[in-house]
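Novice: This is the structure alone, sequence omitted:
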């Protein structure tokens, strides 16, 4: 498969559910052979298909600066991503259709998402990384507080 690249890197291959016969991969939630023994969501990259509506794809992104990946930071209630049910806060956006975003800036990722036409289907390659996302949010909050503290000192 030939794919476009944003920020370098190649296109990642699509893997079908048959590649993981004992697991349901499309939802990102692993189920063993016994559905009653549910384990934590898979950290394996997974493909999710969404249809962009007049309100967009229904999620926000952060990251893409200083080598950080692009994270899904918010799912809009009732939006396309929410209704799909397979996208969660803390997912890393690795690829949009044939555009690799593994080294993309925030601006490049935003352009890749915004150029999708309303009504079009989009293939997203996602990987759930909640711990990394939590650490990212903590770093952002510390930086925000440091900036706020520096500004407060100037007003005294």
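Specialist: Great, that's in hand. Remember, it's a predicted structure, so these values are computed and weren't measured experimentally.

Novice: Buried residues of stretch 92-102, list them for me.
Specialist: For stretch 92-102, the neighbour count (16 or more other C-beta atoms under 10 Å) marks 92, 93, 94, 95, 96, 97, 99, 100, 101, 102 as buried. Every C-beta, even on glycine, is put in place using the N, C-alpha and C of the backbone.

Novice: The lengthiest strand in the chain packs against which elements?
Specialist: With secondary structure taken from DSSP state E, the chain has its longest strand at strand 121-128. With contacts taken as 3 or more C-beta pairs under 8 Å, 6 or more residues apart in numbering; DSSP states H and E, strand 121-128 sits against strand 46-51, strand 91-96.

Novice: Okay, angle between that strand and strand 91-96 too, please.
Specialist: 140 degrees (axes from the mean of the first three to the mean of the last three C-alpha atoms, to 10 degrees).

Novice: what's the spacing between strand 121-128 and its chain's center?
Specialist: Counting by C-alpha atoms, centre = their mean, to the nearest Å, strand 121-128 is centred 7 Å from the centre of its parent chain.

Novice: need the next SSE after it, C-terminal direction.
Specialist: Helices and strands here follow DSSP states H and E; after strand 121-128, the next one along the chain is helix 130-154.

Novice: re the thing from before, could you give the angle of the longest strand of the chain to strand 46-51?
Specialist: Interaxial angle, strand 121-128 versus strand 46-51 (the same axes, to 10 degrees): 140 degrees.

Novice: What pairs with strand 121-128, parallel or antiparallel?
Specialist: strand 46-51 (antiparallel), strand 91-96 (antiparallel) (DSSP bridges).

Novice: picking that back up, and the helices and strands packed on strand 121-128 as CSV, adding distance to residue 71?
Specialist: Formatted as CSV, the helices and strands packed on strand 121-128 follow (distance: least, C-beta to C-beta, whole Å):
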stretch, distance to residue 71
strand 46-51, 15
strand 91-96, 6
